[in-house]
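[1] Take this sequence and fold it.
(4 chains)
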Protein chains: 2
Amino acid sequence: MGAMSNVERAVSALRQMIFAGELPPGSDHLETELAEKLGMSRTPVREAALMLQAQGLVEMRPRRGIRITPVSADDMAEIYDILTELESLAAARAAEAQYSKADLANLATAIRDMDAALAVDDLRAWAEADDRFHRELVRLGRNARLSMVVSVMRDQVRRARATTLFMRPKPKQSNEDHRVVYQAIARGDAQVAHDTHHAHRQAARDMLVALLEKHQFHGL
Amino acid sequence: MGAMSNVERAVSALRQMIFAGELPPGSDHLETELAEKLGMSRTPVREAALMLQAQGLVEMRPRRGIRITPVSADDMAEIYDILTELESLAAARAAEAQYSKADLANLATAIRDMDAALAVDDLRAWAEADDRFHRELVRLGRNARLSMVVSVMRDQVRRARATTLFMRPKPKQSNEDHRVVYQAIARGDAQVAHDTHHAHRQAARDMLVALLEKHQFHGL
DNA sequence: GTATGCGCTTGTGTATACATTAACGCATAA
DNA sequence: TTATGCGTTAATGTATACACAAGCGCATAC
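    As a prediction, this is how the structure comes out:
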């Protein structure tokens, strides 16, 4: 069976519960309580919580329990600002790397999937493919630390997206942008790859923040 | 006395030992050993190590002990790339924030201190003031998450700088750059603040990476 | 009715005990 | 000599025990 420690199990389980909304943002949970729910002692739960705290998903406050970090509109603005810069750098680096068409296959597939999903109005499938595109883009940028930071930030975005996905306008421009970024990377044009992606993310940021503020999600 | 937990004590102590070179990069240390050295049990040491691991300062490998993460020239290139983007964003945001002269006092002081240190060839004082300038710049950018990411990255740079500070050319251009960034922020010119700082960091990156590669610090 | 203080409850921080299992050495064989 | 396998050692992962201190309620005084 999987050589998975209890700490690892706790981390995945807690993450899943957080993303599923089973542990709602802002809610507090005692270590003992979570330990019991996960069928293990407090020790691995504590260690798991410590890791999730480092990623900003929870906060441990003495005697108040483990709080699921709420994410406000302001937080989301911060997060998108970071994502914008780092992903754009990755796009530029990917362009500089002179990848072959084969190397970019995953990107191309993700774009196709987004188009297909949009054609049949399947927003969930679109979001999944969009995630895939961005993950692959960052991977191609070949900066392990950057990938880690971005993935932490993206986790936070995912939490907000669950709520806002069905409120926002159709992501039509989005697919257009992705295609331009892809082509710039393919022909090695770092500047265009960078700037296009930068504008793309910034637009997403503005849209999302406006949405969150409008709907008063001040502590999602 | 200070209401400081053993975990907090362990974190500071370990950080200090790492930065002082007392725990050299690449070295392994058993939990028991560190616990004894710090005068506490394994539990708080483990929790401290977990936190430092999240910041990339150590790696915990089953049965091999806690390893002080080595930093190669390639790592340093990654780190500087991230610093470059995020600090430049902070500079732009700071410019947009329309700070008063008084708000920028810390920046101005840091610049003066750098000039003074350079005039008497005190590289250590220069490095300290340089750190101060960059920390303040990021603070003015008003993005808490960005500040955290940057501070993690800067910790890594500090480790390399201890070694390379006395090899590199006099940072004369550096002071010039800082002044331009400061003035751009003061007059609210986000574009110049961003671009100047970006170029500044990129130059530093290239210099440092070349230095590290030349001296074969492939696992500092 | 409101404020103040005391004691109790209970969650956490830390120490400790213990089972598991990976790594190392040694012996044996090719 | 080198490779392979077994047994021992010992470091970790996890459970558990316990002391301390923060928060809560209740009682008492104003």
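
[2] Okay, strands next: where are they in chain A?
    A:28-29, A:58-61, A:65-68 (DSSP state E).

[3] Looking at the ones you listed, spot the one closest to residue B:121.
    Closest of those to residue B:121 is strand A:58-61, at 46.0 Å (criterion: CB to CB). Backbone N, C-alpha and C define where each C-beta goes, glycine included.

[4] Distance from the chain centre to that closest one, please.
    With CA atoms, centre = their mean, to the nearest Å as the basis, strand A:58-61 stands 21 Å off its chain's centre.

[5] neighbouring contacts of it?
    Applying CB atoms under 8 Å, 6 or more residues apart in numbering or on different chains, the contact partners of strand A:58-61 are A:14, A:18, A:49, A:50, A:52, A:53, A:66, A:67, A:68, A:69.

[6] Restricted to helices, list these.
    Those of the contacts of strand A:58-61 mapping onto helices are A:14, A:18, A:49, A:50, A:52, A:53, per DSSP state H.

[7] Please go through the residues you listed and note which also touch DNA strand C.
    For DNA strand C, no contacts are drawn from the ones in helices among the contacts of strand A:58-61 by CB under 7 Å from any atom of the strand.

[8] would you turn the residues you listed into TSV with pLDDT?
    Below are the ones in helices among the contacts of strand A:58-61 laid out as TSV (pLDDT from 0 to 100):
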residue	pLDDT
A:14	97
A:18	95
A:49	97
A:50	96
A:52	97
A:53	96
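
[9] Would you format those residues as JSON lines with neighbour count included?
    Shown next, in JSON lines, are the ones in helices among the contacts of strand A:58-61 (neighbours: other CB atoms under 10 Å in any protein chain shown):
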{"residue": "A:14", "neighbour count": "25"}
{"residue": "A:18", "neighbour count": "21"}
{"residue": "A:49", "neighbour count": "23"}
{"residue": "A:50", "neighbour count": "22"}
{"residue": "A:52", "neighbour count": "23"}
{"residue": "A:53", "neighbour count": "18"}
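
[10] so which of the strands of chain A comes closest to residue B:102?
    Comparing the strands of chain A by CB to CB, strand A:58-61 comes nearest, at 33.4 Å.

[11] Parallel or antiparallel, list what pairs with the closest one.
    strand A:65-68 (antiparallel) (DSSP bridges).

[12] The partner strand - what's its average pLDDT?
    Here strand A:65-68 scores 95 as its mean pLDDT.

[13] and the gap between the closest residue to chain B within chain A and residue A:94?
    Taking CB to the nearest CB, chain B has its nearest neighbour within chain A at residue A:54, 3.4 Å off. Distance of residue A:54 to residue A:94, computed by CB to CB, to the nearest Å: 28 Å.

[14] And these two? Which one has more around it.
    Under the criterion of other CB atoms under 10 Å in any protein chain shown, the comparison of residue A:54 against residue A:94 puts residue A:94 first, with 30 against 18.

[15] At the contact with DNA strand D, which residues of chain A appear?
    Checking chain A against DNA strand D by CB under 7 Å from any atom of the strand, the hits are A:5, A:6, A:7, A:40, A:41, A:42, A:43, A:44, A:47, A:62, A:63, A:64.

[16] about what we covered before: wait, the residue of chain A closest to chain B sits on residue B:51?
    Yes - with contact defined as CB atoms under 8 Å, residue A:54 counts as touching residue B:51 (6.4 Å).

[17] For residue A:44, which non-adjacent residue is spatially closest?
    Nearest residue to residue A:44 in three dimensions, chain neighbours excluded: residue A:6, at 3.9 Å (CB to CB, 6 or more residues apart in numbering or on different chains).

[18] picking up where we left off before, out of the ones in helices among the contacts of strand A:58-61, give me the two with the largest separation.
    Longest span within the ones in helices among the contacts of strand A:58-61, CB to CB: A:18 and A:50, 15.1 Å.

[19] Could you pull up the residues touching the residue nearest the centre of chain A?
    Centroid-nearest residue in chain A: residue A:154, 1.9 Å away (criterion: CA atoms, centre = their mean). Shown in contact with residue A:154 (CB under 8 Å, 6+ apart): A:83, A:131, A:134, A:135.

[20] what about 10 Å?
    Applying CB atoms under 10 Å, 6 or more residues apart in numbering or on different chains, we find residue A:154 in contact with A:79, A:83, A:87, A:131, A:134, A:135, A:138, A:161.

[21] do the same with residue A:55
    Contact partners of residue A:55, counting by CB under 10 Å, 6+ apart, are A:11, A:15, A:69, A:148, A:151, A:152, A:153, A:155, A:156, B:54.
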